[in-house]
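> Attaching a predicted model along with its sequence, questions to come.
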Amino acid sequence: MAEQKNPQAQPELSLSEQTRIRREKLTNLQAEGQNPFVITRFDWDATSQQIKDNFDAMEGKPVKVAGRLMSKRGMGKVSFCDLQDRDGRIQLYARQDEMDEEVYKKFKKFDIGDIVGVEGEAFRTQRGEMSVRAHNITLLSKSLLPLPEKFHGLQDKELRFRQRYVDLMVNPEVKKNFVIRSQFIKFMRNYLDNMGYMEVETPVLNTIAGGAAARPFITHHNTLDIDMYMRIATELPLKRLIVGGMDRVYEIGRIFRNEGMDPKHNPEFTTVELYQAYADFHTMMDIAEGILTGAAREILGTYQVEWQGEQIDLTPGWRRLTMVDAVREYAGVDFAAITDDAEAVAAAKAIGVELADAAEKTWGNALYACFDQKVEEKLVQPTFITMYPVEVSPLTKRSPEDPRLTERFELFICRSELANAYSELNDPIDQRLRFEKQVEQRERGDEETEMMDEDFLTAMEYGMPPTGGMGMGIDRCVMLLTGSTSIRDVILFPTMKPLDSDKKIEKAAAAPVEAAPVVEEKIDFSNVVIEPLFEEFVDFETFSKSDFRAVKVLECEAVPKSKKLLKFTLDDGTGVNRTILSGIHAFYEPEELVGKTLIAITNLPPRPMMGIESCGMLLSAINKRGDEEELHLLMVDNHIPAGAKLY
């Protein structure tokens, strides 16, 4: 609570004027030999929270605190400030007759955002607020840019993620997510260390991208003159260590996948992978449940959390359900009673489930597609889904009871996958056959299948013990524990599209007229192949019934488990958002389309795709250039309003 208010309203200055004034203050300080940037240290001995927690013992005692000035109020010979340090905020009380007069005068010129060191004593004001009575205040660093406006703060999500340092300054509640993240990783390390696991490190750069079904980032090693892949998983190196006799290993590390971005996916994310010899996927289930329930109890003090609008109960004793049972319960199809591939594909199609183009039309792929499109969205409370088809589990041991299935589980909470685990495949002959299947699928156009790893097969041929292995997404676990709806809220520096294009435009606008002349781009259409025009005429009345409208892209994200589909949330001018799916992911990344104005046919009947209703069709221009197909999404001037009709 403010102790004093300044009755004199100050005129609002522009950002450039405020910046100019701050730089002038710095220049004056430097001219007077008081440059704050030459100070190398300040020996503080208490934080804001330590003073508050131990106030009875510290009241009247000398303290030294350091931090950022977040507010200044008062007038004349008495000033009140809020000082923000690593633990929170505490009020400063500065009175001219209790300080050196020159020090007080200099302090009066300090700005909000400046970093200061304060020597004083802990005391309680007349209104009872725990504070620090300042006797000396030293400017340690000058803030040359003003903080965001006090009452509105930094609210723009994109700007908050780009300037996390400002976000942490002015939105102190943001820091809590990252404190919990640190606590969770520490808890997990202790949990695994106490079980006899050893933490190890494996390469980030590899000559083969293996251990997961994902599209990798590719880089080039200049000295070796070879292309290398940033790792998409840590699985295969860790299993090599199991072969080598390191029976319990884990790695917490960054993973890189060159895929779409949405509230649950960032191209750079953190996982823990762990492997235990002489164990199976049931052991991994116990560990996954133990880590998350134990972390909730220790960090939050409760098993009850709220996430994505749902009340989640993390009390130990989570449900374990086979995929066949889950599809029977939630989708009404009993795959246990189906033995024929064609019958399984037909049963999936009957409930509106389509298999991916590159997927073989088998019983296992039909079962997984039904689960993926009809069941996953219904799993809210913690549930282990077990016994996955062998087609989607190339590194997993087959079930002795049913060789079409594998001893694998995924953990789902609130419709999100948090962990994936196997009874690891240790038969090198079976492993080679499965790698070959993956290679065939890659040749059919699936870029996210496993590559053949001959060295890993060699390691397995030396003999790998029965092993249980698991990967957990740390970012999603932290989202659960913090109630965050976006992965960007739990990654300090999420991947963002650069603003270089805007800077280039600004530079071009500022360039003098005599700058290099603009050369019109020459486009070579000589090898473009255009599909022949339709020779049959369509009557005008039929054509006129097609409703072509301008639509604004509000959101765009990759459809999970689909290699081609992007999901668009569109403003079509009606006030109700429209969803359209388009198979153009090979040509565009989702983030580059947000904010664009496109053209769509809006009066087509809804069509289910991957379990999502697509209401319309976006228009694209398609042609071939040589043997390669090109696609250009039809984009128009952003001045055209949403809903504008095309004639």
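On my side now, so go ahead. Keep in mind the model is a prediction, meaning the values are calculated, not measured. Numbering: from 1, shown residues only.

> okay, CA-based contacts and neighbour counts for the rest of this
Fine.

> Centre of the chain to the longest helix anywhere in the chain, how far?
Looking only at the chain and at elements set by DSSP state H, the helix with the highest residue count is helix 174-194. Here the centre of helix 174-194 is set off from its chain's centre by 18 Å, with C-alpha atoms, centre = their mean, to the nearest Å.

> Check which helices and strands it sits against.
For helix 174-194, the helices and strands in contact under the criterion 3 or more C-alpha pairs under 8 Å, 6 or more residues apart in numbering; DSSP states H and E are helix 164-170, helix 281-295, helix 474-482.

> and that helix with helix 281-295, angle?
Helix 174-194 runs at 140 degrees relative to helix 281-295, counting by axes from the mean of the first three to the mean of the last three C-alpha atoms, to 10 degrees.

> Give me the contact list for helix 174-194.
With contacts defined as C-alpha atoms under 8 Å, 6 or more residues apart in numbering, helix 174-194 is touched by 167-168, 198-199, 291, 295, 299, 474, 478, 481-482, 489-492.

> Write a ChimeraX command that selects only the buried members of those residues.
Applied in ChimeraX, the following selects the buried portion of those according to 16 or more other C-alpha atoms under 10 Å:
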select :167,168,198,291,295,474,478,481,482,489,490,491,492
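
> Spatially, which two of the contacts of helix 174-194 are the most separated?
Greatest spacing in these, by C-alpha to C-alpha: 167 and 198 (36.3 Å).

> Helices of the stretch 501-647 of the chain, residue ranges please.
Counting by DSSP state H, counting those that start in this stretch, the stretch 501-647 of the chain forms helices over residues 540-544, given from the N-terminal end onward.

> Can you show me the strands along it?
In the stretch 501-647 of the chain, the segments counted as strands under DSSP state E, counting those that start in this stretch are 528-529, 548-558, 566-571, 578-582, 597-601, 607-609, 612-614, 617-618, 620-625, 628-633, 635-636.

> List the strands paired with the third one, with their directions.
Strand 566-571 sits in its sheet next to strand 548-558 (antiparallel), strand 578-582 (antiparallel), going by DSSP bridges.

> ok so, going back, what's the closest of the strands of the stretch 501-647 of the chain to residue 417?
Closest approach to residue 417 among the strands of the stretch 501-647 of the chain (C-alpha to C-alpha): strand 548-558, 15.9 Å.

> Would you mark the buried spots in the closest one?
Residues 548-558 are the ones in strand 548-558 that count as buried (16+ other C-alpha under 10 Å).

> Could you export these as CSV, including pLDDT and distance to residue 191?
Below are these laid out as CSV (pLDDT from 0 to 100; distance: C-alpha to C-alpha, whole Å):
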residue, pLDDT, distance to residue 191
548, 94, 58
549, 95, 56
550, 95, 55
551, 96, 51
552, 94, 48
553, 93, 45
554, 91, 43
555, 89, 39
556, 89, 39
557, 87, 35
558, 85, 35
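
> List just the nearest of those to residue 331.
Using C-alpha to C-alpha, residue 558 is the member of the buried residues of strand 548-558 that lies nearest residue 331, at 23.9 Å.

> Identify the bridge partners of that closest one.
Residue 558 forms beta bridges with residue 566, as assigned by DSSP bridges.
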